[in-house]
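> 3D model of this:
(one chain, ligands or ions: 1)
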Amino acid sequence: MTLSPEDEVAALTAQLSRWSKAYFEEDAPLVPDADYDAAMRRLQELEAEHPTLKRSTSPTQRVGSAPLSSFESVTHRRPMLSLDNAFSREDLSDFHRRVSERLKVHDVAYCCEPKLDGVAVSIVYANGELVLAATRGDGSTGENVTANIRTVQNVPLTLEGEDIPSYLEVRGEVVIPTDAFDKMNARASALGEKVFVNPRNAAAGSLRQLDSRITAKRPLSFTAYSVGVVEGDLPDCHDATLRQLSQWGIPVSDYMETVTGVEACEAYYESIAAQREALPFDIDGIVFKVNSIAQQERLGFVSRAPRWAIARKFPAQEVSTCLLGVDFQVGRTGAITPVARLDPVFVGGVTVSNATLHNSDEIERLGVCIGDRVVVRRAGDVIPQIVSVVQDEDGLPDAARTKIVFPKACPECGSDVDRQDGEAVVRCVGGMSCSAQLKAVIRHFASRKAMDIEGLGDKLIDQLVDEALISTVADLFSLDVATVSGLDRMGMKSSENLIEAIDQSKATTLPRLIYALGIREVGEATARALASHFLTLEEVMAAPVETLEDVDDVGPIVAKHIRAFVLDSRNQEVIAALLTAGVNWPAVSIASGDGPLAGTIWVVTGKLESMGRDDAEQRLRALGAKTASSVSAKTTTVLAGPGAGSKRKKAEALGIEIIDESEWLTLVEELK
Ligand code: D41
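Just a heads-up that it's a prediction; the model follows:
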């Protein structure tokens, strides 16, 4: 269906008005930002192509929101500008080219800052006293939120230090750190109160409270990013200005960095992008600003955005798309997981066409049906998730929505399915007679952190199981080159390599083997704990539930799963067959508590040069240290490589020793 330009403009206008009202006035967005931005860009495009269709009331003419009547409005003495966006490397180099051409300067210095995803505000200090605070609003007029800003813990009410200007307007962003947001939402949900969609909306909603006592209870935090009207002296560079603000007690970004040229800007972008998930607050891009104020003045601004700054956006982590259908996948433990089939979308930097729906409780919670428009989130390396159903007026009529029905039998093997009391998960009872479960068990057994059999990929496992060449993990060790080379896409050389890899995997370690067995709830850490507690496989297999519970991290449920696993005669046969096939490991000698680093707890973070983080942790444990994935007051030392983000910061805040890779390597060498 193609609309005429008139109709499309009308439809986009109505949609954008509805969306922006929900976003700005109710702090409860109807659609992901990426959808909003896309609709806005489309409208701008249409208006550019057909100037007669452009109305002065168009949503494209209004950036931000008009102040709400309940707050007094404040006209900014100097408008708060907006930022142009760059969505690609090319957009950024175009920006740099425009800047350097206008300035006739080759090497331009840029100050780089993460772009905080919060609410822009202006705070005015008269003779060092906070006298006024206002939201950015539409850039010209905002809301007077002085009483609320006064409750923000890190905003100084009085400035301290030398040469404080008689009038100083500071501009910056109010956010809620992600940790605090999660806690706040968890509490709200426990009390049956409204939960916020994301930290940004929570920050906006908190600043919008007419009762500042409510705002005071919200974990708001301010970071300055520029100044407005100033009567007094400030440095002649952006970075030095922010450092000066910091001296007076005003919080600025810890991540700010000044670099020369566009290549260095791109490198900064990549390095912060890599840390994005670990940062203590949400960011949606990087802001690059020409550092010299004199150069900024020469560049000036067009309409409402400065020519000397640009925001390079990260790929959206949330977008909406259509739920086309649901498949049911059977996992290693028989768990049947609904997997959403989606109209492919670009999210978090990749194209996604599947997302997990977890289980039937989750489907119920979301209220999702096939045919719905859903919000898909992909952050970092995590599996794409469906976070909500888009509730918008143009949703589907109920007749076009199909309810998601769980299968009554295993979709792979036809066995019965079973849902245990109190569990959200439905399982196939077929065990290893279910080919889907068997394939998943073998994939896990062969995986890198388990037996690490190189070259045994999913396709090959599928064939081995489908052709009934193996029915247990132990059968892998009876395969030979002649059998394997008969399979699809397996030449002589790759068959030989595979058999060699299988053979080599026999020499393993006890923790790897325990992990490889795929006992429910026994991950790598538990497998390690079991190995160092019992020292031998026989002891693990002989341990009654109570003894298992003595092991660190093993609770009653995990103990029950381990016991059930070792008592199952089929598992006993597989283990015996593995031993007969020659699977072996060195005796476990270092019980935890021995070794030169006994009693210390380490966290490894950032990128290491000489080895992966896993290997570094393994070396630490071999020396008797414990390793943990997050920094706490109990952490003794943090080994931090380049790119270490929030963990390093937390360690600094807690005064925990931080060492770099070369110091560490020296230490390890000395301890040997
Ligand atoms: O972190 C931010 N959200 C941020 C926003 C930042 N670090 N710098 C910014 N700089 C500007 C200019 C260049 C206009 C002084 C901004 C914004 N503006 C901004 N925030 C909202 C609209 C514009």
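> ok now stretch 349-367, how far from the chain's centre?
How far stretch 349-367 lies from its chain's middle: 16 Å, per CA atoms, centre = their mean, to the nearest Å.
> residue contacts, residue 565?
Each residue near residue 565 by CB atoms under 8 Å, 6 or more residues apart in numbering is listed here: 517, 519-520, 571. Backbone N, C-alpha and C define where each C-beta goes, glycine included.
> hmm, try it at 10 Å
517-520, 522, 541, 571-572, 575 (CB atoms under 10 Å, 6 or more residues apart in numbering).
> where does the stretch 151-300 of the chain come near the ligand, residue by residue?
Within reach of the ligand by CB under 6 Å from any ligand atom, the stretch 151-300 of the chain has these residues: 173, 225-226, 287, 289.
> which among the contacts of residue 565 gets closest to the ligand?
residue 522 (43.7 Å; CB to the nearest ligand atom).
> and the closest one, what helix or strand is that in?
Using DSSP states H and E, residue 522 maps to neither a helix nor a strand.
> burial count for it?
Residues lying near residue 522 (other CB atoms under 10 Å) number 20.
> so which residues of the stretch 51-200 of the chain form helices?
Taking DSSP state H, counting those that start in this stretch, the helices of the stretch 51-200 of the chain run over residues 89-103, 146-149, 178-190, 199-207.
> any regions of the stretch 551-672 of the chain where pLDDT drops low?
Low-confidence segments of the stretch 551-672 of the chain (pLDDT under 70): 589-593.
> the helices in it, which residues?
Using DSSP H, counting those that start in this stretch, helices in the stretch 551-672 of the chain cover 556-567, 569-581, 613-622, 646-654, 661-671.
> contact partners for residue 200?
Listed by CB under 10 Å, 6+ apart, the contact set of residue 200 reads 23, 27, 29, 33, 116-119, 173-176, 181, 281-282, 284.
> switch the cut-off to 7 Å
Each residue near residue 200 by CB atoms under 7 Å, 6 or more residues apart in numbering is listed here: 117-118, 282.
> mind pulling up the pLDDT for the residue with the largest distance to the centre of the chain?
The C-alpha centroid of the chain is most remote from residue 482, which lies 45.8 Å away (CA atoms, centre = their mean). Per-residue confidence (pLDDT) for residue 482: 94.
> wait, a helix at it?
Yes. Assessed by DSSP: H, G, I helix; E, B strand; the rest coil, residue 482 belongs to a helix.
> quick check: it vs residue 505, distance?
20 Å (CB to CB, to the nearest Å).
> returning to that earlier point: can I get the helices of the stretch 551-672 of the chain in a markdown table with distance to residue 15?
A markdown table is the format used below for the helices of the stretch 551-672 of the chain (distance: least, CB to CB, whole Å):
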| stretch | distance to residue 15 |
| --- | --- |
| helix 556-567 | 49 |
| helix 569-581 | 57 |
| helix 613-622 | 46 |
| helix 646-654 | 37 |
| helix 661-671 | 52 |
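> among these, which comes closest to the ligand?
Nearest to the ligand among the helices of the stretch 551-672 of the chain is helix 646-654 (17.1 Å), distances taken as CB to the nearest ligand atom.
> in the closest one, what's buried?
For helix 646-654, burial by neighbour count (16 or more other CB atoms under 10 Å) applies to 646-651.
> same check on stretch 308-318?
Buried residues in stretch 308-318 (16+ other CB under 10 Å): 308-318.
> cool, stretch 416-423 as well?
For stretch 416-423, a neighbour-count test (16+ other CB under 10 Å) marks residue 417 as buried.
> number the residues from 2 up from this point.
Yes, from this point I'll number from 2; that puts the last item at stretch 417-424.
> can you list the residues that contact that stretch?
337, 408-411, 427-430.
> now with 8 Å, please.
337, 407-411, 426-430.
> so residue 197 sits against residue 187, correct?
No. Assessed by CB atoms under 8 Å, residue 197 is found out of contact with residue 187, at 11.6 Å.
> counting neighbours, go ahead and name the busier of the two.
residue 197 (19 against 11).
> and the residue lying closest to the more buried one once chain neighbours are set aside, what does it touch?
Leaving out its chain neighbours, the residue that sits closest to residue 197 by CB to CB, 6 or more residues apart in numbering is residue 203, at 3.8 Å. Applying CB under 8 Å, 6+ apart, we find residue 203 in contact with 28, 177, 182, 185-186, 197, 219.
> so which residues on the protein come close to the ligand?
82-84, 114, 116-117, 121, 137, 174, 226-227, 288, 290, 307, 310.
> out of the helices of the stretch 552-673 of the chain, flag the one nearest residue 443.
Comparing the helices of the stretch 552-673 of the chain by their distance to residue 443 (CB to CB), the top pick is helix 570-582, with 11.4 Å.
> show residues contacting the closest one.
With CB under 8 Å, 6+ apart, helix 570-582 has contacts from 432-433, 473-476, 478-479, 507, 514, 518, 538, 542, 566-567.
> and with 10 Å instead?
Taking CB under 10 Å, 6+ apart as the rule, helix 570-582 contacts 432-433, 442, 446, 452, 472-479, 503-504, 507, 509, 514, 517-520, 538, 542, 565-567, 569, 584-585.
> what about residue 266, neighbour count?
Residues near residue 266, counting by other CB under 10 Å: 25.
> now do the contacts for the residue nearest to residue 107 when sequence neighbours are not counted.
Counting by CB to CB, 6+ apart, residue 107 lies nearest to residue 101, which is 6.1 Å off, once chain neighbours are set aside. Contacts for residue 101 (CB under 10 Å, 6+ apart) come out as 107-109, 262-263, 291.
> perfect, I'm done here.
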